[in-house]
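Trainee: Quick one: sequence plus predicted model below, questions after.
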Amino acid sequence: MKKIFANLLLIAASAVMLASCDNPAKMAEAAEQISIKCTPEILEAVAGNIDATIEVTFPGKYFQPKAILEVTPVMLYHGGEVAGEPFYYQGEKVKDNYKVIAAKEMTTVRENVHFNFVPGMERSEMVLRAKVLYNGKEYEYPADIKVADGVNTTYMLASFIFDHSAAADFAEDNYQSVINETAEAQILYLINSADVRNSELRGQDIKDYQAMLAALADDSRRAITGTEIVAYASPDGEIDHNNKLSANREKSATKALEKVTKKLEKGEVTSRSIGEDWDGFQELVSNSNIEDKDLILRVLSMYSDPNVREREIRNMSQVYKSLADEILPELRRARFITNIEYTNYTPEELTALVENNIDALDEEALLRAATLVKDNDAKLAIYEQAIKKFDSDRARYNAAVILAKKGDVDAASKYLAGIADQDCKDVKNVKGIIALKKGDVAAAGKLFAEAGNKENAAVVDILNGKYNEAAAKLSDSKRPIAALANILTGDLAKASSILEGHNCPMCSYMKAIVAARQGENENAKGLLEKAEKNETLKARGANDIEFIKFL
């Protein structure tokens, strides 16, 4: 659509035109003879820049051959005006280096105009101010010539979205509603024996086991779910013999358990025989000071056949003697394993403990408790406790996320500085949020790329005017920033699809933009009213050029 500020039929009154050619003052007075259009006719800010192309057509017999025309583009907005770089034209008899305008022929020239966006230009006009220079005199055009409205700043909604919902996930806690515990004891057997010795049943290990089971009777949070008996043989000798020996130990251990738990709760009892205990062998060797233990472990890793393993280890005669004295006797055993379920604090109990006895909570409980409160100051107080008592990096990180999103970038940075792993992607992402909050778009973009956070990286793309790149990064996203990226690329259908499930003021605002661009002005009005529950969006909407047709 063209903006024309002169008679498009180019007034043909030759007397007037001849007067203009003969008299420079007449050029200013006959401004209506000039045809002007601007592309785009509604200006748009992209990455803080406003760029447009102005096409000016001078009719024949308009331009005085010895005159110079100075034209200055000016942005007029509430609170001020900004003049752009002027451009100059000269008549055919002027000896200078400007664009020459023919005296008798229609001439069209095109100029690129640039302005830096200034707050207030959301509702503005771009005008041209012109004057004729001739023999040291100036003849000003009688009025500014309006060429465009401005300025569309929809891309800046990326900053609003980012400020309210920058993508940063909290570090998760490992809090368990139910924790599995065990009470365990074992009895040892003599070599090649499945008989349970009375000394084993009177040993300290069994006494401690009995005491643990007895204590459970008065523990309302712990419940026994069952007891398992596991029997073994040491990995020396023939495999078949050891398997039978292990099976016999399973039977004798089952009888022994009944003796030691006669009046104690143990739940349902199950049993199994393992045979040769190579896993236990490896564990004991790893934790021992036996000479050449690395060689033994290497043999275990090289061979899976138990016969080959035993042969290779026996070949190390001196080492085998140490194994026979220190390791193998510990593997002639049966284990009693009572499984227990500990019921952890409920959300209500956690909340109460935060208020009344926060010292009772461990790190995981503190991190979970912080998720149960809505107030950010309360969350930060809980994280401070986790940092103080447990030197928790997850608490530092979560505190930094809260503060970075709030815009308290200095406090957020202090928390991040205390985290041991500075190369963690999540840490880099929050550093990127801080950088963008500070206005360092380049640093933020680098950090988001290193963190692999596509959503935040797309915000940087939008701020840099790379709308297609942003939409590509968010092709599978249903978040509001993805809707904005598609509005900016002109894919209104996809933007609408993304916004369907969102009803926050920001999303209502974007829905209003989509409706306005589709010519649904009444729908746009209603959606804008919903968005205006947010005061910032209300103020923005009053000046948004997107709604020029009904505001």
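Mentor: Done, it's in.

Trainee: Going along the chain, name the strands of the stretch 301-450 of the chain.
Mentor: 333-343 (DSSP state E, counting those that start in this stretch).

Trainee: ok, now the stretch 1-150 of the chain?
Mentor: Secondary structure of the stretch 1-150 of the chain (DSSP E, counting those that start in this stretch): strands at 35-39, 42-46, 49-58, 68-77, 80-83, 87-90, 99-100, 107-116, 124-134, 137-140, 145-152.

Trainee: Same list (the ones you listed) but as CSV, adding mean pLDDT, mean neighbour count and distance to Glu341.
Mentor: C-beta: built from backbone N, CA, C; applies to glycine. Shown next, in CSV, are these (pLDDT from 0 to 100; neighbours: other C-beta atoms under 10 Å; distance: least, C-beta to C-beta, whole Å):
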stretch, mean pLDDT, mean neighbour count, distance to Glu341
strand 35-39, 95, 19, 73
strand 42-46, 96, 20, 61
strand 49-58, 96, 18, 64
strand 68-77, 97, 20, 69
strand 80-83, 96, 14, 71
strand 87-90, 96, 19, 82
strand 99-100, 96, 16, 87
strand 107-116, 97, 15, 66
strand 124-134, 96, 21, 69
strand 137-140, 94, 13, 90
strand 145-152, 94, 21, 62
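
Trainee: Is it correct that Ala83 is in contact with Val74?
Mentor: Yes. Between Ala83 and Val74 there is a contact under C-beta atoms under 8 Å: 5.0 Å.

Trainee: Could you export the strands of the stretch 1-150 of the chain as JSON lines, including distance to Glu172?
Mentor: Formatted as JSON lines, the strands of the stretch 1-150 of the chain follow (distance: least, C-beta to C-beta, whole Å):
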{"stretch": "strand 35-39", "distance to Glu172": "52"}
{"stretch": "strand 42-46", "distance to Glu172": "39"}
{"stretch": "strand 49-58", "distance to Glu172": "42"}
{"stretch": "strand 68-77", "distance to Glu172": "48"}
{"stretch": "strand 80-83", "distance to Glu172": "50"}
{"stretch": "strand 87-90", "distance to Glu172": "60"}
{"stretch": "strand 99-100", "distance to Glu172": "66"}
{"stretch": "strand 107-116", "distance to Glu172": "44"}
{"stretch": "strand 124-134", "distance to Glu172": "48"}
{"stretch": "strand 137-140", "distance to Glu172": "69"}
{"stretch": "strand 145-152", "distance to Glu172": "41"}
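
Trainee: any idea how far the residue lying closest to Ser392 once chain neighbours are set aside is from Ala158?
Mentor: Using C-beta to C-beta, 6 or more residues apart in numbering and skipping residues adjacent in sequence, the residue nearest Ser392 is Ala386, 4.1 Å away. Ala386 is 34 Å from Ala158, where distance means C-beta to C-beta, to the nearest Å.

Trainee: who has more neighbours, these two?
Mentor: Ala386 (27 against 21; other C-beta atoms under 10 Å).

Trainee: from memory the more buried one sits against Leu367, does it?
Mentor: Yes. Using C-beta under 8 Å, Ala386 is in contact with Leu367, at 6.3 Å.

Trainee: okay, and the common contacts of the two?
Mentor: Ser392, Arg394, Ala395 (C-beta atoms under 8 Å, 6 or more residues apart in numbering).

Trainee: Scan the residues you listed and report the most crowded one.
Mentor: Ala395 (29 neighbours).

Trainee: surely Phe63 meets Ala103?
Mentor: Yes. In this structure, Phe63 is within contact of Ala103 by C-beta under 8 Å, at 5.7 Å.

Trainee: And the two? Which one has more around it.
Mentor: Ranked by neighbour count (other C-beta under 10 Å), Phe63 and Ala103 place Phe63 first, with 27 against 20.

Trainee: Can you name the residues that contact the residue lying closest to that one once chain neighbours are set aside?
Mentor: Of all residues not flanking Phe63 in the chain, Ile101 sits nearest, at 4.2 Å (C-beta to C-beta, 6+ apart). Ile101 makes contacts with Phe58, Tyr62, Phe63, Leu69, Tyr89, Gln90, Gly91, Glu92, Thr107, Val109, as judged by C-beta under 8 Å, 6+ apart.

Trainee: buried stuff in stretch 474-486?
Mentor: Under the neighbour-count criterion of 16 or more other C-beta atoms under 10 Å, stretch 474-486 has Leu474, Ser477, Arg479, Pro480, Ile481, Ala482, Ala483, Leu484, Ala485, Asn486 buried.

Trainee: same question, stretch 233-241
Mentor: Ala233, Ser234, Pro235, Asp236.

Trainee: What's the separation between the second one and Lys494?
Mentor: Going back to what we said before, that points to Ser234. 68 Å.

Trainee: now do the third one
Mentor: Look at Pro235 and Lys494: by C-beta to C-beta, they are 65 Å apart.

Trainee: and if you look at Glu44?
Mentor: Relative to Lys494, and taking C-beta to C-beta, Glu44 is found at 20 Å.

Trainee: show me where pLDDT drops low in the chain?
Mentor: Scanning the chain with the threshold set as pLDDT under 70 gives 1-22, 317-318.

Trainee: The most centrally placed residue in it: which element?
Mentor: Taking C-alpha atoms, centre = their mean, the centroid of the chain lies closest to Ala167, which sits 3.0 Å from it. If you go by DSSP states H and E, Ala167 is not part of any helix or strand.

Trainee: Chain neighbours aside, what residue packs nearest to it?
Mentor: Glu455 (4.0 Å).

Trainee: What helices and strands are in contact with the host helix or strand of that neighbour?
Mentor: Element membership for Glu455 (DSSP H and E) is helix 454-463. Contacts defined by 3 or more C-beta pairs under 8 Å, 6 or more residues apart in numbering; DSSP states H and E place helix 454-463 against helix 157-165, helix 425-437, helix 441-451, helix 467-473, helix 480-489.

Trainee: let's go with 6 Å and repeat that
Mentor: The contact analysis (3 or more C-beta pairs under 6 Å, 6 or more residues apart in numbering; DSSP states H and E) places helix 454-463 against helix 157-165, helix 441-451, helix 467-473.
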